[in-house]
Structure formats: C-alpha cells, structure tokens
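1. with the input below, show me the fold.
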Amino acid sequence: MTIEENLQIPRFLAAGVGFILAFNVYLLPWSARTPRATDLIGVTFLAIVVLLLLMGLRLSSGLSKRIFLVSILLAPMFWHGLRIGKLYALIDAIRWVIGFGWALGLTWMARDKRLRPWLFKGFIAGAVGCVGVIVMQAVGLGGLTISLGWAPQDAVVGAYFADILRVPGMEKNVNGSAAVISLCVPVALGLLDENRVSRLWLFIALATVVIGSALTFNRSSILVSGVTIVAWVFLAGRQSIGTGWKVFAVLFITIGLATYGPPGGWERWDELANLTQSGNFQIRLRSTLFGLDLFFSNPLGMGKAYQVYMENYMRSYVPETTHSPHNAFIQIGLMAGFPLLLGIIWKLGLRIISLFRSGSVETWLSLHLFGLFFFETYLAVPTIISLVAWLIVQPFTERFVNNTSFIRKAVKETGN
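-> I've put the predicted structure just below:
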C-alpha cells in the first residue's frame, strides 16, 4: 500500500472533523435540549487522550500547564453554575471543558502538514453547507431542517423591513449562524498565506459569506469580514496591495455591494447616518453599558445569573425584549470573571500581533474572532467556544510535521 493510500482515511477524517465543526448538527432533533455534534466529537477526543494517558503516554509540561491554567480560569463559571443549581447554567462551562478535547484534536491535525489543508477545507465546506440550510429555510423548508437536526427547535425566526423573513440558519439566532459562516474567510486567507490552497478557495469563502449575509440580513459578520480582508490585503504574505488579483477581489466585493446593496438592504444601513436616533443603536448601547456596569460590580463573574439582571433592566426600557450585552468580551467576563477574559484577550492578541511577521489560519482566525466579539455574545456558540479553546491552549509556535502513522506520536507532538 502506497503512502498516499495510507493517508486517505486520516485525510477523510480530518475533512469530516472540519466539516462538522462548522456544520454543527443537533444529535437529538426531537429534543429541545439536544447536544451538538461538536459535543460528541470533543468528548471523543478527550476520551482518546485519557485512554492514551492511562496507557502511559504523557503530554508535555507546557501543554499540561496551559490546560491546568485554563481549568482554573473556568472555576468561577462552574461555581456560579452550581450555585444556580440548574443544568442550563452549567452548559457553557461544560462546553469549555469539552473544548479541551477540541484543542488537543485540532492541534494534532492542524500541525500535521498532510492533514492541515484537509481539516480547514472541510471547515469551508461546512460553512457552505450552513448556507444551504439557510436557503432551505428561506424557501419554506424550515420544518425539514429541524427534523433533520440542522436547526434547533427554539430557533429565533422574526421579520424585518417590509416583512422580510430573517431565517436563523443552524444556530438559535441568525447572528450566530452568520458569524459561524463568516469564519470561512479567515480560514481561507490563512490557507492562502501558507500556500496550501488555490485562490479559488478564497472566492468560495467570499461568496459563501456574501450569500449568507444577504439571506440572513446580518451586518456585523459582513463588516468584520470586510475588515479582515482589508487587513489581509496590506499584511498577508508580505505582498503589497499592488498584487493584481487582490485588487480584483476587493473591487469584486465593492462593486457587488454598490450594485445590489449591503445585507438587509440600504434601509438597514441608513440608520448609520444618524446613530444617535437609531432604536437598534440605543438598545445596543444601553445593554452594553449595563453589562459593563454588572461586570465591574462582579469582577469574578456571576454565571448565567447575569441574564436575569439584563432582561429585567432591558424590559424596563423596552418591553418584551431579551437583549444581551451584544459583546462577547463582556459576556465571558460576566460568565467567568476578569481572569478568563484577560486570558482570551492576551492569547488572541499575541496571535494578531504575529500577523506582522506572517499569516496563518490561527492568526487570521484570531483577528476575525476579536472583531466579531465586539458585536454579539458569540461565546455561547459551540463552534466558536471550540475554536477559542484551541487557540488559547495550543502551542503558540506552529511547527508542521509528517505524523499520521500512529496516534502515540500524534499525542506527543501535540504537546511539544
């Protein structure tokens, strides 16, 4: 059997893992409390590592210390969840622990130069699948997507201008779905910087994000994607903006927006002309400022209890609203306190700074996530929790190896 034939199964598995990380199905679609596919895969990764540890393998001291440190930072979130005494209050904390499994599994696959492109191509394909779900919902097949486990039973479906239906996609809220879809852009940019894919993959990612945003009428994800692209044009691969095909990519997006209008139609963006009078802006501002006040009053967090305070405050301002702080940094601060918030900012920040030297999937993902976190409470989305856990636990210096032959070696390489 040739080397290429030996690699077929590992590559298929890596692509499948990447696909499911984006196309995060609901395992028990008939249940409102169903776990996600990322939960099952993360637990599987953890079980494999535990089994190998029992067989005598050891992780490196550096990796063990990082996992131990993040575990300590998660302690307040568990403590607050136990105080509330409800399972829902512990879900996010449990998913962070499951994120350790994703951190180990993704580090192993992403550091193998023969699996890395398959892993992230699978993720882009999963994002395309997410847009397919949105299309199904837009044409009236929302019930089928729920039955198939491609959408939650409690998905938020509303109407916007001119009674245009905003479909939720695979997440509970349309904003979460648009955010997950937008992650294929930094993944494609990183693969290009690493010379692992052709330019076609970037155009697939861009088309996926533009179509997804146009159908969900989401603004934040397309804005952050635009900022990420602009940063890449000037920084990526030490190439100047004069690179012809980069200019074409930017012009393609610009002309498209000018011709067909931005997501949601120009009426959504007209609010930007007078922000102080925008109802949406006022709600976001009030919820964010109240969230900040809660955070400064509770520097070690308060778990899911913050949602009760937030809802009571916002309902006194706008009846029947359930708005969150619209900021993932404030969200994680309220959930787990300042220490975990600082750890996330520190690790993402270090990777962003490294963009001035070279670009990679990890660095562009860090920049993109950092931007997204200013708009919504995205650290409740399992896909994003898994990715952030990976980014803050894995070794900072990427070293790609040929290492698909045996999992014993893979675990050792993960910790180096």
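2. list the contacts of the closest residue in space to Phe100 that isn't next to it in sequence.
-> Distances taken as Cβ to Cβ, 6 or more residues apart in numbering put Ile67 closest to Phe100, at 5.9 Å, once the chain neighbours are dropped. C-beta here means a position set from N, CA and C on the backbone, and glycine is covered the same way. For Ile67, the contact set (Cβ atoms under 8 Å, 6 or more residues apart in numbering) comprises Leu59, Phe100, Ala103, Val393.
3. would you mind measuring from Ile67 to Leu119?
-> According to Cβ to Cβ, to the nearest Å, Ile67 stands 21 Å off from Leu119.
4. cool, Arg36 as well?
-> From Arg36 to Leu119 the distance is 19 Å (Cβ to Cβ).
5. what of Trp390?
-> In terms of Cβ to Cβ, Trp390 sits 11 Å off from Leu119.
6. out of the two, which sits in the busier spot?
-> Leu119 (26 against 22; other Cβ atoms under 10 Å).
7. centre of the chain to the helix or strand hosting that one, how far?
-> Element membership of Leu119, judged by DSSP states H and E, is helix 116-138. When C-alpha coordinates are averaged (Cα atoms, centre = their mean, to the nearest Å), helix 116-138 and its chain have centres 13 Å apart.
8. cool, stretch 203-218 as well?
-> On Cα atoms, centre = their mean, the centre of stretch 203-218 falls 16 Å from the chain's centre.
9. where does the residue lying closest to Arg83 once chain neighbours are set aside sit: helix, strand or coil?
-> In space, and not counting its chain neighbours, Arg83 is closest to Gly303: 7.1 Å by Cβ to Cβ, 6+ apart. Under DSSP: H, G, I helix; E, B strand; the rest coil, Gly303 falls in the coil class.
10. check the one 5 residues further on too.
-> Per three-state DSSP, the local secondary structure of Val308 is helix.
11. let me know how buried it is, in neighbour terms.
-> So Val308, with other Cβ under 10 Å, has 11 neighbours.
12. if I look at it, how far off is Leu342?
-> Counting by Cβ to Cβ, the gap from Val308 to Leu342 is 25 Å.
13. repeat that for Ala214.
-> Going from Ala214 to Leu342 by Cβ to Cβ gives 37 Å.
14. the stretch 251-400 of the chain: helices as residue ranges?
-> 266-269, 279-297, 305-317, 328-336, 338-353, 361-372, 382-393 (DSSP state H, counting those that start in this stretch).
15. for Arg114, find the nearest of the ones you listed.
-> Of all the helices of the stretch 251-400 of the chain, helix 361-372 sits nearest to Arg114, with 15.3 Å by Cβ to Cβ.
16. now for the helix holding Leu119, which elements pack on it?
-> Packing partners of helix 116-138 (3 or more Cβ pairs under 8 Å, 6 or more residues apart in numbering; DSSP states H and E): helix 3-22, helix 91-110, helix 142-147, helix 174-182, helix 184-193, helix 200-216.
17. which one of those helices lies nearest to Leu379?
-> Between Leu379 and those, the tightest spacing by Cβ to Cβ is seen for helix 91-110, at 7.7 Å.
18. what mean pLDDT does that closest one get?
-> Averaging pLDDT along helix 91-110 gives 93.
19. and stretch 31-48, by the same measure?
-> In the prediction, stretch 31-48 has an average pLDDT of 93.
20. in that stretch, what's buried?
-> Pro35, Arg36, Ala37, Thr38, Asp39, Ile41, Gly42, Val43, Phe45, Leu46, Ile48 (16 or more other Cβ atoms under 10 Å).
21. stretch 368-382 too?
-> Quick answer for stretch 368-382 (16+ other Cβ under 10 Å): 368-373, 375-382.
22. how many other residues sit next to Val25?
-> Val25, neighbours per other Cβ under 10 Å, totals 18.
23. for it, grab phi and psi.
-> phi -70, psi 160 (degrees, to the nearest 10).
24. shouldn't it be in contact with Trp150?
-> Yes - the criterion here is Cβ atoms under 8 Å, and Val25 meets it with Trp150 at 6.1 Å.
25. what sits in contact with each of these two?
-> Common neighbours of Val25 and Trp150 (Cβ under 8 Å, 6+ apart) are Met170.
26. where's the residue lying closest to Pro35 once chain neighbours are set aside relative to Val308, distance?
-> Using Cβ to Cβ, 6+ apart and skipping the chain neighbours, the partner closest in space to Pro35 is Leu27 (5.2 Å). Per Cβ to Cβ, Leu27 is found 29 Å from Val308.
27. quick one: average confidence on stretch 292-300?
-> Across stretch 292-300, pLDDT averages out at 91.
28. buried ones in that stretch?
-> For stretch 292-300, by 16+ other Cβ under 10 Å, it's Leu292, Leu294, Phe295, Asn298.
29. ok, Val97 - contacts?
-> Ser71, Leu74.
30. ok, it to Gly149 distance?
-> According to Cβ to Cβ, Val97 and Gly149 sit 23 Å apart.
31. go ahead and confirm Leu341 touches Ala328.
-> No - under the contact definition of Cβ under 8 Å, Leu341 does not touch Ala328, with a separation of 9.7 Å.
32. so Gly176 makes contact with Glu376?
-> Yes - between Gly176 and Glu376 there is a contact under Cβ under 8 Å: 7.4 Å.
33. not counting residues beside it along the chain, what's closest to Val49?
-> Leu104 (5.4 Å).
34. counting neighbours, what do you get for that neighbour?
-> Around Leu104 there are 26 residues (other Cβ under 10 Å).
35. how near is it to Leu350?
-> 20 Å.
36. give me the distance between Leu391 and Phe338.
-> Distance from Leu391 to Phe338, by Cβ to Cβ: 19 Å.
37. these two - which one has more neighbours?
-> Taking other Cβ under 10 Å, Leu391 and Phe338 do not tie; Leu391 has more neighbours (21 against 17).
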